Each structure stands twice: as C-alpha cells, then as structure tokens.
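J.: 3D model of this:
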Amino acid sequence: MEFDQTPESLTDLTVELLRQDAYQQNVYIRPLAYKADEGIGVRLHDLKDELTIFALPFEHYGKNEGSCHVTISSWRRMDDNSIPARGKISGAYASSALIKTDAVRAGFDEALVLTQDGHLAEGSAMNIFMVRDGVLITPRSPIISWKELRAAP
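T.: Sure thing, here's the model as predicted:
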C-alpha cells in the first residue's frame with residue numbers, strides 16, 4: 001500500500017485526533033489502511049488505498065491482567081507464507097478470534113499459540129515475554145519449544 005503521509009505526518013494526525021477527542025484516560029489508537037474501491041473481486045492491485053485512524057477509551061485488555069488462567073490453543077499460528085503473520089493484517093485476526101473464543105469458552109482467560117512444529121509463538125493477540133534465570137527473553141522468532149517452556153523455573 002502506498003500513501004502520501006510520512007511517519008511524522010501520521011504522528012501529527014494522531015496527536016490532532018487525540019486533541020480533538022480530549023480523552024482524559026488511556027486510549028487505544030487504531031490506524032487502519034485499507035483498499036477502498038467498490039466492486040467484487042479478489043486482488044490487491046489497481047485499487048485505491050485509504051487510511052483512517054480512530055481512538056477509543058481503553059483500560060484493560062483482559063479481566064485478569066494480574067494473573068491470567070492460560071491454556072495452549074488447539075489452533076496453530078499461521079505460517080508466514082500463508083499470510084504475513086508479523087504484519088497487522090485485519091484478515092489474520094480471524095485466527096486470533098478462533099483462538100481467543102475457544103480459550104474463553106473453555107474457562108480460560110487467554111491461550112498461547114504454537115507453530116506447526118510445536119514451538120511457542122505468541123498469544124491470541126499478544127507477544128510472549130519470558131524471564132529465565134533473571135534474563136528477559138523476547139524472541140524475534142518462535143524459537144522456544146513447548147518442552148523448554150515447561151521446564152523453565
């Protein structure tokens with residue numbers, strides 16, 4: 001997608017939005033780039049790119065942020081060659097919705113997601129951070145096996 005905006009102009013737009021909304025609390029900011037043409041067909045080329053930014057009040061993502069009851073999802077993380085999982089692509093959130101809904105309906109607050117080969121990748125809509133022997137581990141790719149995670153203190 002291509003836009004005339006620079007990172008600086010997008011920042012200015014976001015600051016102006018927040019100024020106009022005048023929230024006096026934490027907010028969630030969602031920039032959304034999308035294909036805006038009307039019509040039926042599956043393609044990404046020769047379509048008009050548009051951008052919107054909105055904000056809404058935001059306090060807590062989950063009801064038990066201090067101590068979540070977590071499970072391992074039966075759903076797997078989408079492979080990077082299926083849809084770019086590291087991109088914030090709206091259609092990819094269908095997978096996250098399935099993961100989260102299954103977890104909540106089973107009595108959990110959240111679910112961890114494994115790759116196709118059984119390595120820990122992420123949560124339904126968050127990254128994973130782990131402290132092992134006093135060291136913060138923030139993997140740039142899913143490199144922690146479920147077996148290794150279970151063995152961690």
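
J.: dihedrals phi and psi, residue 7?
T.: Torsion angles at residue 7 (phi, psi; degrees, to the nearest 10) stand at phi -50, psi -40.

J.: what about it, how many neighbours?
T.: 7 (other Cβ atoms under 10 Å). C-beta: built from backbone N, CA, C; applies to glycine.

J.: contact partners for it?
T.: If a contact means Cβ atoms under 8 Å, 6 or more residues apart in numbering, then residue 7 has no contacts.

J.: for residue 111, see how far away the residue nearest the centre of the chain is.
T.: Central residue of the chain (Cα atoms, centre = their mean): residue 125, 4.1 Å from the mean position. Between residue 125 and residue 111 the computed distance is 10 Å (Cβ to Cβ, to the nearest Å).

J.: give me the three-state assignment for the residue located most distally from the centre of the chain.
T.: Computed with Cα atoms, centre = their mean, the residue of the chain farthest from its C-alpha average is residue 39, at 28.4 Å. Classification of residue 39 using DSSP: H, G, I helix; E, B strand; the rest coil returns coil.

J.: measure it to residue 89 for me?
T.: The gap separating residue 39 from residue 89 is 20 Å, by Cβ to Cβ.

J.: cool, and residue 27?
T.: Look at residue 27 and residue 89: by Cβ to Cβ, they are 23 Å apart.

J.: and those two? Which one has more around it.
T.: More crowded of residue 27 and residue 89, by other Cβ under 10 Å: residue 27, with 16 against 12.

J.: OK, contacts around that one?
T.: Neighbour list for residue 27: 18, 21, 55-58 [criterion: Cβ under 8 Å, 6+ apart].

J.: can you map out the strands along this protein?
T.: 27-35, 49-57, 70-76, 110-114, 119-123, 130-132, 135-137, 144-145 (DSSP state E).

J.: please consider this matter closed, and thank you.
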